[in-house]
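Participant: no FASTA, just this:
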């Protein structure tokens with residue numbers, strides 16, 4: 001009986017161990033399935049510009065729907081920090097890295113490390129030059145610049161004078177936008193009397209330029225601001241000098257405050273770039289590249305990044321003025337009507 005009891009105990013122990021092993025296998029299987037999710041690293045320049053928070057939220061949400069996980073990092077405008085973040089993503093063996101670059105010329109060596117490690121690299125909104133990224137997705141930036149200038153022409157500024165206040169010259173989009181803007185100005189005899197670039201897209205620098213150069217500003221008919229954030233500091237300085245609404249101001253990104261200034265009459269126009277669509281398409285394309293599938297867009301072009309020909313997806317921007325703000329901004333749901341007309345309720349359409 002003792003031998004029998006001992007045998008039964010051994011058999012029971014073996015059964016328990018087998019059950020335990022079964023649970024371990026199940027846990028491991030779950031772990032493997034989770035690890036098979038596509039891992040995407042996303043490095044932002046910063047969140048100083050209002051729109052980047054929208055880009056982040058929509059990209060992460062869309063990627064999640066597609067079964068991918070996104071690790072978002074914020075470099076706070078520090079290119080060395082952005083390089084460290086990309087190297088961290090490489091070390092973590094991400095499947096893809098999406099980069100909103102701080103300096104379009106400073107990342108090519110780090111991008112090469114990622115590509116050598118078999119990681120997909122996507123230039124988001126801003127081109128990373130000479131880096132052979134797997135894709136560049138943005139808006140058609142030439143159109144952004146030409147829209148700014150053409151709106152000034154349509155407002156009767158042919159033969160007038162403009163001051164250009166651009167963003168960081170390390171942002172590859174800045175030169176593209178400004179070249180297109182200048183081309184339309186030249187065609188319409190609009191003179192660019194001065195230009196200035198705000199390092200790091202710091203809006204305070206643009207406001208300070210206007211404050212210190214009122215002799216030039218007071219002679220100008222318009223100020224081309226590289227984005228709405230710069231305009232947010234420029235317009236108050238114009239108001240201090242009783243020039244708000246008298247000197248045309250342009251911008252881009254369709255920030256809420258810019259839309260409010262447009263209905264108030266202190267900003268002539270902005271360029272609406274549907275960032276939700278950009279972020280969604282970027283997430284879809286990134287996942288497709290990781291899977292080796294065809295890009296889910298109607299048209300893929302090729303462009304030269306300075307050294308290599310790379311895939312390019314360009315989305316259409318839209319010009320927003322007092323005449324089009326209800327249709328483009330409010331009806332699309334980008335901003336609410338009551339928010340846009342908050343400071344000018346008498347101008348709100350019924």
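Facilitator: That came through fine. Quick caveat, the model's predicted, so the values are computed rather than measured.

Participant: strands along the chain, start to end?
Facilitator: Assigned by DSSP state E, the chain shows strands spanning 38-44, 68-74, 96-99, 120-124, 135-139, 161-166, 191-197, 222-225, 248-250, 270-272, 301-304, 309-315, 318-320.

Participant: what packs against the first one?
Facilitator: Just to be clear, that refers to strand 38-44. Helices and strands touching strand 38-44, by 3 or more Cβ pairs under 8 Å, 6 or more residues apart in numbering; DSSP states H and E, are helix 51-65, strand 68-74, helix 79-91, strand 96-99, helix 275-291. Where you see a C-beta, it was placed from the backbone N, CA and C, and this is true even at glycine.

Participant: would you format those as a markdown table with distance to residue 129 included?
Facilitator: Shown next, in a markdown table, are the helices and strands packed on strand 38-44 (distance: least, Cβ to Cβ, whole Å):
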| stretch | distance to residue 129 |
| --- | --- |
| helix 51-65 | 21 |
| strand 68-74 | 21 |
| helix 79-91 | 14 |
| strand 96-99 | 12 |
| helix 275-291 | 19 |
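
Participant: between the ones you listed, which gets nearest to residue 221?
Facilitator: Residue 221 lies closest to helix 51-65 among those, at 27.9 Å (Cβ to Cβ).

Participant: tell me the helices and strands packed up against that closest one.
Facilitator: Partner elements for helix 51-65 (3+ Cβ pairs under 8 Å, 6+ apart): strand 38-44, strand 68-74, helix 275-291.

Participant: I'd like the mean pLDDT over that helix, please.
Facilitator: The pLDDT scores in helix 51-65 average 94.

Participant: and for stretch 243-254?
Facilitator: Mean predicted confidence for stretch 243-254 is 97.

Participant: just to revisit the earlier point, of the helices and strands packed on strand 38-44, which approaches residue 38 most closely?
Facilitator: With Cβ to Cβ, the closest approach to residue 38 among those belongs to strand 68-74: 3.9 Å.

Participant: where does the protein dip in pLDDT?
Facilitator: Along the chain, the model assigns pLDDT under 70 to residues 1-35.

Participant: let me see the domain layout of it.
Facilitator: Here the domain assignment for the chain is 37-140+274-316, 141-273+319-347, based on automatic domain parsing.

Participant: endpoints of the first one, how far apart?
Facilitator: The first residue of domain 37-140+274-316 is 32 Å away from its last residue (Cα to Cα, to the nearest Å).

Participant: for the nearest residue in space to residue 151 that is not next to it in sequence, what are its contacts?
Facilitator: Excluding the flanking residues, the one nearest residue 151 by Cβ to Cβ, 6 or more residues apart in numbering is residue 269, at 4.5 Å. Shown in contact with residue 269 (Cβ atoms under 8 Å, 6 or more residues apart in numbering): 147, 148, 151, 250, 251, 262, 319, 320, 321.

Participant: any idea how far the fifth one is from residue 211?
Facilitator: Okay, so that is residue 251. In this view, residue 251 and residue 211 are 18 Å apart by Cβ to Cβ, to the nearest Å.

Participant: between those two, which one's more packed in?
Facilitator: Ranked by neighbour count (other Cβ atoms under 10 Å), residue 251 and residue 211 place residue 251 first, with 30 against 16.

Participant: winner for burial among the helices and strands packed on helix 51-65?
Facilitator: Most buried of the helices and strands packed on helix 51-65, by mean neighbour count (mean count of other Cβ atoms under 10 Å): strand 38-44, with a mean of 24.

Participant: contacts for that one?
Facilitator: For strand 38-44, contacts defined as Cβ under 8 Å, 6+ apart pick out 52, 56, 59-60, 63, 66-75, 82, 85-86, 88-89, 92-100, 124, 286-287, 290-291.

Participant: that strand: how far from the chain's middle?
Facilitator: For strand 38-44, the separation from the chain centroid amounts to 14 Å (computed by Cα atoms, centre = their mean, to the nearest Å).

Participant: I'd like to know how far residue 252 sits from residue 107.
Facilitator: Relative to residue 107, residue 252 is positioned 24 Å away (criterion: Cβ to Cβ).

Participant: more neighbours, those two?
Facilitator: Taking other Cβ under 10 Å, residue 252 and residue 107 do not tie; residue 252 has more neighbours (31 against 25).

Participant: spatially nearest residue to that one (excluding sequence neighbours)?
Facilitator: Nearest non-adjacent residue to residue 252, counting by Cβ to Cβ, 6+ apart: residue 271, 3.8 Å away.

Participant: tell me the contacts of the one you found?
Facilitator: Going by Cβ under 8 Å, 6+ apart, residue 271 touches 144, 147, 148, 251, 252, 253, 254, 317, 318, 319, 320.

Participant: and residue 152, how many neighbours?
Facilitator: Neighbours of residue 152 (other Cβ under 10 Å): 25.

Participant: likewise for residue 91?
Facilitator: 9.
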